[in-house]
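K.L.:
Here's my sequence, what's the structure:
(chains A and B)
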Number of protein chains: 2
Amino acid sequence: MPSALVLLADGTEEMEFTIAYDTLVRAGVDTQSVYVPPDNGGTKAVSPPVAKGSRGINIMPDAYLDPTTCGPARYDLLVIPGGAIGAKTMSGNLVVHKLVRDFIAKGKYVGMICAGILAALSSGLPSQPLTSHPSVKEDLQVDFQYSEDPVVVSGHLVTTRGPGTTFQFALTLVELLCGKEKREEVRGPMVFPADTPW
Amino acid sequence: MPSALVLLADGTEEMEFTIAYDTLVRAGVDTQSVYVPPDNGGTKAVSPPVAKGSRGINIMPDAYLDPTTCGPARYDLLVIPGGAIGAKTMSGNLVVHKLVRDFIAKGKYVGMICAGILAALSSGLPSQPLTSHPSVKEDLQVDFQYSEDPVVVSGHLVTTRGPGTTFQFALTLVELLCGKEKREEVRGPMVFPADTPW
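P.N.:
Below is the predicted model of the structure:
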């Protein structure tokens, strides 16, 4: 069974987090959320606090971000959601930088959403095609080949623009991890309108 | 400022809950979530527990469902999300039945999603147009004018089919509560693909 790690912080965009996590679970992917603390790893609490999302929804992570257990040896996919404040925390976190580089180096997937794509820059990924929320386009377009496509797959880096493109992003990840048939199996019961373009 | 009450229970579909709640907050709607206990109101705990959603995401409600403070005198909109287990709890809850009838009687909106629409039946709403998740169509089509449109507005009852139609549902509620301009203002930054049909 493929496995996925979805990051969560205070200020994470709740819809992006939830659509990614829930869709992966629907596909049978072994999915865990981990809390990224705002102090770059200094917090020593045993249990993660509830994270308050960008619009005030309180979500309890499954565990704390732990570099000894969260790497590509354990997971096939790392997902970094957006939300301005949450994305700032994640893209400024040294453990996250190392995870992003390690996942890519080991041929595992990294998915980034919205402002979460700032982590591509802060982790030092090489220039390649990507997209992001328009609000952080300026920060990314010099160092990357910027696209306005809803979902951009560049090797093992998969990026998307906002809550409105996260279903397409999540289904793309399902297809990459579990195949086209599983994507269709998961998509059906979500009951998208007939003319939805994904 | 319009106000909204979004129900949450163990087994609630996380995407439906989150897309509805978050989109309403983006529109400036004063939004609260309340926990519906599985024992039809018998629980006497002071603080609500974290609700475990249909795909395992733990969400902390803002408060307990309290019939003395959750009525149409306080809120302009009641939202009942789906998820088979959560919808069963909500549609079997006597406080919820009364809220549904009271909101409609007072000319306030009631939004129902997916299997949450079973509450239209259990609350004794009169025959009218509605839609639902296909999995509960059989339970509803005898007593209501069943439609397969993504979103059905019938007076003050607004219904939708599943996670894949919840963005359209939430934006429809924003338009009903806050006007067409606010709907467009909220929709833009969500960055839907250009050919999205809502």
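
K.L.:
Please pull out the lowest mean pLDDT helix or strand from chain A.
P.N.:
Within chain A, no helix or strand scores below strand A:63-64, which has a mean of 90 by mean pLDDT, DSSP states H and E.

K.L.:
and that one, what other elements does it pack with?
P.N.:
For strand A:63-64, the elements it packs on are strand A:30-35, judged by 3 or more C-beta pairs under 8 Å, 6 or more residues apart in numbering or on different chains; DSSP states H and E. Using the backbone N, CA and C atoms, a C-beta is placed for each residue, glycine as well.

K.L.:
now the strand it packs on, how far from the chain's geometric center?
P.N.:
A distance of 11 Å separates the centroid of the chain from that of strand A:30-35, by C-alpha atoms, centre = their mean, to the nearest Å.

K.L.:
Tell me the helix or strand right after it.
P.N.:
Downstream of strand A:30-35, the first helix or strand assigned by DSSP states H and E is strand A:51-52.

K.L.:
Please state the offset of the least confident helix or strand of chain A from the chain centre?
P.N.:
Here the centre of strand A:63-64 is set off from its chain's centre by 16 Å, with C-alpha atoms, centre = their mean.

K.L.:
before we move on, what about stretch A:118-130?
P.N.:
Average the C-alpha atoms of stretch A:118-130, do the same for its chain, and the two points are 14 Å apart (C-alpha atoms, centre = their mean).

K.L.:
got the buried residues for that stretch?
P.N.:
Of the residues in stretch A:118-130, those buried under the neighbour-count criterion (16 or more other C-beta atoms under 10 Å in any protein chain shown) are A:L118, A:A119, A:A120, A:L121, A:S122, A:S123, A:L125, A:L130.

K.L.:
what does stretch A:129-147 give?
P.N.:
In stretch A:129-147, the ones that count as buried by 16+ other C-beta under 10 Å are A:L130, A:T131, A:S132, A:H133, A:V136, A:D139, A:L140, A:F144, A:S147.

K.L.:
related to what we said a few turns ago, strand partners (parallel or antiparallel) of the least confident helix or strand of chain A?
P.N.:
If you go by DSSP bridges, strand A:63-64 pairs up with strand A:30-35 (parallel).

K.L.:
Render the CA-only coordinates of the strand it pairs with in CSV, please.
P.N.:
Coordinates of each C-alpha in strand A:30-35 appear next as CSV, following Å, rounded to 0.1, in the frame of the first residue of the first chain:
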residue,chain,number,x,y,z
ASP,A,30,-1.8,4.9,4.2
THR,A,31,-1.9,8.7,5.1
GLN,A,32,-0.6,10.5,8.2
SER,A,33,-0.7,14.2,9.1
VAL,A,34,2.2,15.7,11.1
TYR,A,35,2.3,19.1,12.9
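
K.L.:
Give me the residues contacting it.
P.N.:
Among residues not part of strand A:30-35, those counted as contacts by C-beta atoms under 8 Å, 6 or more residues apart in numbering or on different chains are A:1-9, A:17, A:21, A:24-25, A:48-49, A:51, A:59, A:61-66, A:70, A:75, B:56-57.

K.L.:
Thanks a lot, see you next time.
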